[in-house]
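>>> Sequence and predicted model, in that order:
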Amino acid sequence: KQEVTQIPAALSVPEGENLVLNCSFTDSAIYNLQWFRQDPGKGLTSLLLIQSSQREQTSGRLNASLDKSSGRSTLYIAASQPGDSATYLCAAPGAGANNLFFGTGTRLTVIP
Amino acid sequence: NAGVMQNPRHLVRRRGQEARLRCSPMKGHSHVYWYRQLPEEGLKFMVYLQKENIIDESGMPKERFSAEFPKEGPSILRIQQVVRGDSAAYFCASSPPGRISYGYTFGSGTRLTVV
């Protein structure tokens, strides 16, 4: 069964800093990995989807990498802004599974 | 192009009542997934449905919970005789037919409170 772990659980940074969020998964036979953002009391917004054949994806100030062999993905946020404050979730499918397995997230606070 | 629509956004039920949560997938999506997020916990898969078929219900509690996705209309997650432990956020996601590799789109969720 796929297990997804995210560290750190919480992170506070001053505005303008670059930061990295980490995600690890136990079953490397994945066909993609997805990063989401969740604001308090809100739904999930998809940020980046990395296919298994890709090593990274970029969208604006966000860059996500995927290393299947080591079972790791990172989400890099450049020049952080207070509006980036949210919980970031990493999710990966399991081998033969029809669903995503989620980490418990990293709660990011960007201090103005 | 509306996204995944869930309603109601908030639902309050007394213990023993029934809760019915609705989800309309994105246009062109025929696969629906339900997830539950308990307070301070991660999202857990509950059930995967296609039109008129339950494909995988391995995450559904054995009793009181059921789901359907009829030929016409939204997918329904039904919780009978709710208990306080059912209080959670319930999220629905959809994906295109046969294209799980395209990723999921989630709705805004239904927050169920059992009093």
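Cool, got the structure. Numbering: from 1, shown residues only, chains lettered A, B, ... in the order given.
>>> Contacts only, for the most centrally placed residue in chain B.
Centroid-nearest residue in chain B: residue B:34, 3.6 Å away (criterion: CA atoms, centre = their mean). Contact analysis of residue B:34 by CB atoms under 8 Å, 6 or more residues apart in numbering or on different chains lists B:23, B:45-47, B:49, B:67, B:75, B:77, B:90-92. No exception for glycine: its C-beta is placed from N, CA and C like everyone else's.
>>> Highest neighbour count among the residues you listed?
Tallying neighbours with other CB atoms under 10 Å in any protein chain shown puts residue B:92 at the head of the contacts of residue B:34, with 29 neighbours.
>>> what lines up beside the host helix or strand of that residue in the sheet?
Counting by DSSP states H and E, the element that carries residue B:92 is strand B:88-95. Here strand B:88-95 is paired, per DSSP bridges, with strand B:31-37 (antiparallel), strand B:105-106 (antiparallel), strand B:110-114 (antiparallel).
>>> And the ones you listed, which one averages the lowest pLDDT?
The weakest mean pLDDT among those belongs to strand B:105-106, with a mean of 90.
>>> who does residue A:21 bridge with?
Counting by DSSP bridges, residue A:21 is bridged to residue A:75.
>>> Correction: the previous question concerned residue A:67.
The partner list for residue A:67 in beta bridges (DSSP bridges) reads residue A:72.
>>> from memory it sits against residue A:55, does it?
Yes. Counting by CB atoms under 8 Å, residue A:55 is a contact partner of residue A:67 at 7.5 Å.
>>> Tell me where chain B is predicted with low confidence.
Across chain B, the ranges flagged by pLDDT under 70 are B:1, B:98-102.
>>> again, only this time at 80
B:1-2, B:40, B:97-103 (pLDDT under 80).
>>> Up against chain A, what does it have?
Contact residues (CB under 8 Å from any CB of the partner chain) of chain B with chain A: B:6, B:33, B:35, B:41-45, B:48, B:55-56, B:59, B:91, B:93, B:100-109, B:111.
>>> From the residues you listed, keep the buried residues only.
Taking 16 or more other CB atoms under 10 Å in any protein chain shown as the criterion, what is buried in these is B:6, B:33, B:35, B:42-43, B:45, B:48, B:59, B:91, B:93, B:100, B:103-109, B:111.
>>> Please list all residues in contact with residue 33.
Since no chain was named, I'll use chain A. A:23, A:25, A:49-50, A:64, A:66, A:73, A:90-92.
>>> um, chain B though
A:98-100, B:45-49, B:92-95, B:104.
>>> can we see that at 7 Å?
By CB atoms under 7 Å, 6 or more residues apart in numbering or on different chains, the contact set of residue B:33 is A:99, B:45, B:48, B:93, B:104.
>>> Which residue comes closest to it once chain neighbours are left out?
Closest residue to residue B:33 apart from its sequence neighbours, by CB to CB, 6 or more residues apart in numbering or on different chains: residue B:93 at 4.5 Å.
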